[in-house]
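In: Predicted coordinates and the sequence they were generated for:
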Amino acid sequence: MKKRMLSLLLVLSIVIVGLAACGKKDDTSGSNDSGKQQSEQTQDKGEAQDKEETQDDAQNDSDVKKFYIGGIGPITGPAAVYGQHVKNAAEIAVKEINEAGGINGALIEFRFEDDEHDPEKSVNAYNTLKDWGMQILMGTVTSNPSNAVKEETYRDNMFMLTPSASAPEVVQYDNAFQVCFTDPNQGIASAQYIAEHNLASKVAVIYNSSDVYSTGIYEKFAAEAKNHSFEIVAAEAFTDDSNSDFNVQLNKAKAAGAELVFLPIYYEEATLILTQANAMDYKPIFFGCDGLDGILGVENFDASLAEDVMLLTPFAADAQDEKTQNFVKKFEELHGVTPNQFAADAYDAIYIIKAAIEESGVTPDMSVSEICEGLKAAMTKITFDGLTGAGMTWTASGEVNKQPMAVVIKEGKYVSVD
Amino acid sequence: MNFLTHLLNGISLGSVYSIIALGYTMVYGIAKMINFAHGDVIMVGGFIIFTLMSTLGLNPFFSVLAAMIVCTLLGMTIERIAYKPLRKAPSLAVLITAIGVSYLLQNLALLIYGAESKSFTSVIPVKALSLFDGRLSISGETLVTIPLCIVIMIGLNFFIKKSKTGRGMIAVSEDKEAAVLMGVNVNKTIAITFAIGSAIAAIGSALMFSAYHNLSPTSGAMPGIKAFVAAVFGGIGSIPGAMIGGILLGVIEILSRAYISTQLGDAIVFLILIVVLLVKPTGILGRKIQEKV
Amino acid sequence: MKSKMLKINKSARSSIITVGMILIAYIICQALIVTGNMSNLLQNLLVSMCYYAIMAVSLNLTVGFLGQLSLGHAGFMCLGAFAGAIFSKCTVNAIQNTFIRFTLAILLGAVVAGLFGIFIGTVVLRLRGDYLAIVTLAFGEIIKNVLNVLYIGYDSKGIHLSMKDAISLNLEDGGIVLVKGAQGISGTPRDATFTVSVILLLITYLIIVNLVNSRSGRAIMAIRDNSIAAESVGINITKYKILAFSISAALAGIAGVLYSHNIATVQSSKFGYNLSIMILVFVVLGGMGNLRGSIISAVLLTLLPEYLRFLRDYRMLIYSIVLIVMMLYNWAPACVAWRNKLSSNLAAMLKKSKKEEL
């Protein structure tokens, strides 16, 4: 009995010490200077260079103020690839801005937290960042976690710009804005594009029923299709738990005589669908949305299978403009992979925040709520040219206005159709 | 003709499940533990073949052979470090440790290979077979997977029934204490079981990723669970049972997706599993549990 | 006489200690919150710790006391979460009083999960050991998969249901989609507070303690220890199995209601076998049949991944290693022997120093 009591006491004391320690953390994160120290402690190895720089800055000029921007997304678990691209791209953008002298003289301090694509963990990540002293949220990466976090940011009146969470509910409140298209938007645009260009009269859809992005696009696509000349002959779903065998769905599409298969899904599954369709000698037109971008970057994927695949996407890593090429080059050098559209969205997101800060004139010493009010007003005024579109504007609803671009894959390259 | 296509796809998927299920069923039969890390050993096998073949340009045959060796060593290491010390602990404790090992392997792979999914080049050189003027085509993977699965099962059955080590395995699974008295080295037998199970897992991973191509750190988890279900389906501990369970599971999964609902395919598979277990509480080929009073 | 008194009160004393611990922890936390000394992260985690503790305690009833391995416990949590969230979303305007609405939501969640518990219990409990485990896993996955494609909406004509997509609900303009398949339910009112959660945790704990120490509880444990012997002395095995299983399910339903009212959105994908296994980890680490251990391990293991965030990319890797090491430390005979040796050495040293003091 004594022994057990002893162990209990031990556990209790650990918990109490833990509580006290966290309490202390909170105490200090209110003011920026001590927050800075903490953030420097927690920086990761990869940013060692950054760290030295920031320390230098801090030593040279202790008056330099910093914006604390947080990011949230999955960097472990099945959806890790999206979060990792967002994190890496945002870090590149932050570094560029800081090297160029920051925003109105203020530097950016960026920290990214993992949410494992789980709403509950996402809220935990949000609170961790709040304890760190976050003033602006660049996130979250995926839709369902975003729906949970948006309630928190709304309560705290914290400005939130999501690079890639595309469900319309994410921007339900006035403090939230999107860089990417909303799902309904893409569904309608795809249906219109197929009809206008007379691509097919019989269309099959293969979508992921356990994914919000995919079902969102599919539903609007199906609704919009009723207004057009083509007919949906097969709408087949798959789930995250059974996403390796698509023979059933492809066979059904083939049996129904579909000339075009619409794939509102991400590129990992699309590579499988293309490979399996090829194996069964089924060669319709494949048409996708921005989720398909990145398909050519899949290591060891036979790009000839993706020949003639069409996609509506705001970003293509092979675009010839200087901005994109610079970004892609930097990203490939640092991380050894080609950035996908999530990365491009995140890179833009950081620059959009910069533009909005400059427009509104908010400063790092303002409160979270003041910054939010300033940025909210500024977002509707700015016009932004980025990797994922030129002349992006926002309305107070939070949705972005930009033109999707139709590209087709020819000889392993994205080629613009229009 | 459509039905035949679906059926063949189902048998092909099921063969993959049954090869993976063999690993579960052997380990369960002998060590009486559910090795939840088995699915992740398959993932590791996939990455090793991928690295050797696509990055280093090695011959597919030698890549698979190398993966078998690595997986065997991995399986034995896991057994030695994580499971052996817990041999006398309650079975749940070992189950949790196995889950820990599973997380460990997944996260190690994530750190080493990154989260980007890789496209796995098929290791199978056989061309697809086209029948009835192209109305029915059978992929090369299917052509190889099904016979290979049968060969492995027969070979394994032969090994266990005829060889000395194999009979040692039966003895350990029947009664550990009695086996010790008869001079069977229990620790060695269990280690060999893990080695064989993991080597078969490497073959399974070559077949699975050849047919379904997508390779990422989490791609072993779901097939692992399904293969475990297959092993229970057929009667866990029984080698022909794993084979039958796997193939049935694959066929049911594909047919229910084809004719009932693509969204609810998994739900239907699990529902049928429940019904089967209610009728035959120890699986299709499972032996009746004799309860000791 | 005195020793007999102690014996009788041993279980009571143990539960008083646990309740006291929870209350002290609650008071400390409240004090820290009121004085503004608690981090946002921890404040937010308080409710999560409570519902995970409820999950662990309730699963302990099935695994620890009834001796049946269940891998589908998260399914019941899922049912509770959905039932409670649908109720609250429907009545958020009709019932203004948060307390009444939330109480009703909790009761509804518990009843729905409990009814499913009775149903599933009746179906599966004739199976044994790992076969039972796999069937509970199957039920958990079925619940997850079905809710994942479930669409519910309502308009002036009433409630519409679909298992395909939102379009096939055929809602009128202005109709509201309540449950949106993979997107689940969002916009649930955030009624779960720390105080309510602690109260529910205490209630859960007391229900199980009372059950375990009652006649029924002794019957349940007799089934665990030797079901044939239990049957031969006239214990109705099926009845007690279903009793324990359904109570455990209903309590998991309560945890689910807390979950869906703590964060604003709930999806069925959260409640797969991974979550069931996580809860099982809490139970096994805390000790099977040890309710206090379940609570402590649920709390510590909920905190652990959050406080490992400074490890960045290595976080989950370290977590898995910690898990393996803890299991080995707790159960490996070599470790146990080493621990005993250490503690007896320590005790000897303490004795020695006490003597010297004297």
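Out: In hand now; what should we look at?
In: make it CA atoms for all contacts and neighbour counts henceforth
Out: Fine.
In: What segments of chain B are strands?
Out: B:118-119, B:129-131, B:136-138, B:214-215 (DSSP state E).
In: want to throw those strands into CSV with distance to A:A195?
Out: Formatted as CSV, these follow (distance: least, Cα to Cα, whole Å):
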stretch, distance to A:A195
strand B:118-119, 33
strand B:129-131, 35
strand B:136-138, 33
strand B:214-215, 33
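In: closest one to A:N124 among those strands?
Out: strand B:214-215 (29.9 Å; Cα to Cα).
In: What is that closest one packed up against?
Out: Here strand B:214-215 touches helix A:267-279, helix B:38-50, strand B:118-119, going by 3 or more Cα pairs under 8 Å, 6 or more residues apart in numbering or on different chains; DSSP states H and E.
In: wait, does the second one contact chain C?
Out: What that stands for is helix B:38-50. No - using Cα under 8 Å from any Cα of the partner chain, helix B:38-50 never reaches chain C; the gap is at least 13.7 Å.
In: what about that helix, average pLDDT?
Out: In this model, helix B:38-50 carries a mean pLDDT of 94.
In: on that earlier part again, let me know which of the helices and strands packed on strand B:214-215 is tucked in deepest.
Out: With neighbours defined as mean count of other Cα atoms under 10 Å in any protein chain shown, the helices and strands packed on strand B:214-215 peak in mean count at helix B:38-50, which reaches a mean of 29.
In: Give me the contact list for that helix.
Out: B:20, B:23-24, B:60, B:63-64, B:66-68, B:70-71, B:74-75, B:102, B:105-106, B:109, B:120-121, B:198, B:201-202, B:204-206, B:209, B:215-225 (Cα atoms under 8 Å, 6 or more residues apart in numbering or on different chains).
In: can you count the residues close to C:R215?
Out: 10 (other Cα atoms under 10 Å in any protein chain shown).
In: and the gap between it and C:N60?
Out: 18 Å (Cα to Cα, to the nearest Å).
In: Just the CA coordinates for stretch B:128-144, please, in PDB.
Out: Taking Å, rounded to 0.1, in the frame of the first residue of the first chain, the C-alpha atoms of stretch B:128-144 are listed here in PDB:
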ATOM      1  CA  ALA B 128      -1.800  -9.200 -69.300                       C
ATOM      2  CA  LEU B 129      -3.800 -12.000 -70.800                       C
ATOM      3  CA  SER B 130      -6.600 -11.000 -73.100                       C
ATOM      4  CA  LEU B 131      -9.500 -13.400 -73.600                       C
ATOM      5  CA  PHE B 132     -12.700 -13.400 -75.700                       C
ATOM      6  CA  ASP B 133     -11.500 -10.700 -78.100                       C
ATOM      7  CA  GLY B 134     -10.500  -8.400 -75.300                       C
ATOM      8  CA  ARG B 135     -13.700  -8.500 -73.400                       C
ATOM      9  CA  LEU B 136     -12.000 -10.100 -70.500                       C
ATOM     10  CA  SER B 137      -8.500  -9.200 -69.600                       C
ATOM     11  CA  ILE B 138      -6.500 -10.600 -66.800                       C
ATOM     12  CA  SER B 139      -3.600  -8.600 -65.500                       C
ATOM     13  CA  GLY B 140      -0.100 -10.100 -65.200                       C
ATOM     14  CA  GLU B 141      -0.200  -9.500 -61.500                       C
ATOM     15  CA  THR B 142      -3.400 -11.600 -61.100                       C
ATOM     16  CA  LEU B 143      -1.900 -14.300 -63.200                       C
ATOM     17  CA  VAL B 144       1.100 -14.600 -60.900                       C
END
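In: in that stretch, what's buried?
Out: The neighbour-count check on stretch B:128-144 (16 or more other Cα atoms under 10 Å in any protein chain shown) flags B:L136, B:S137, B:I138, B:S139, B:G140, B:E141, B:T142, B:L143 as buried.
In: Check the gap between the third one and chain A for me.
Out: Going back to what we said before, that points to B:I138. 8 Å (Cα to the nearest Cα, to the nearest Å).
In: Which positions in the stretch 251-400 of chain A make contact with chain B?
Out: Checking the stretch 251-400 of chain A against chain B by Cα under 8 Å from any Cα, the hits are A:N251, A:K252, A:E268, A:E269, A:T271, A:L272, A:A279, A:M280, A:V298, A:E299, A:N300, A:F301.
In: hey, what's the residue nearest to the last one when sequence neighbours are not counted bridged with?
Out: Read it as A:F301. Leaving out its chain neighbours, the residue that sits closest to A:F301 by Cα to Cα, 6 or more residues apart in numbering or on different chains is B:S119, at 5.0 Å. Counting by DSSP bridges, B:S119 is bridged to B:N214.
In: In contact with B:L129, which residues?
Out: Contacts for B:L129 (Cα under 8 Å, 6+ apart) come out as B:S137, B:I138, B:S139, B:G140.
In: How about the residues of the stretch 1-150 of chain C by chain A?
Out: C:L32, C:G36, C:N37, C:M38, C:S39, C:N40, C:L41, C:L42, C:N44, C:L45, C:N148, C:V149.
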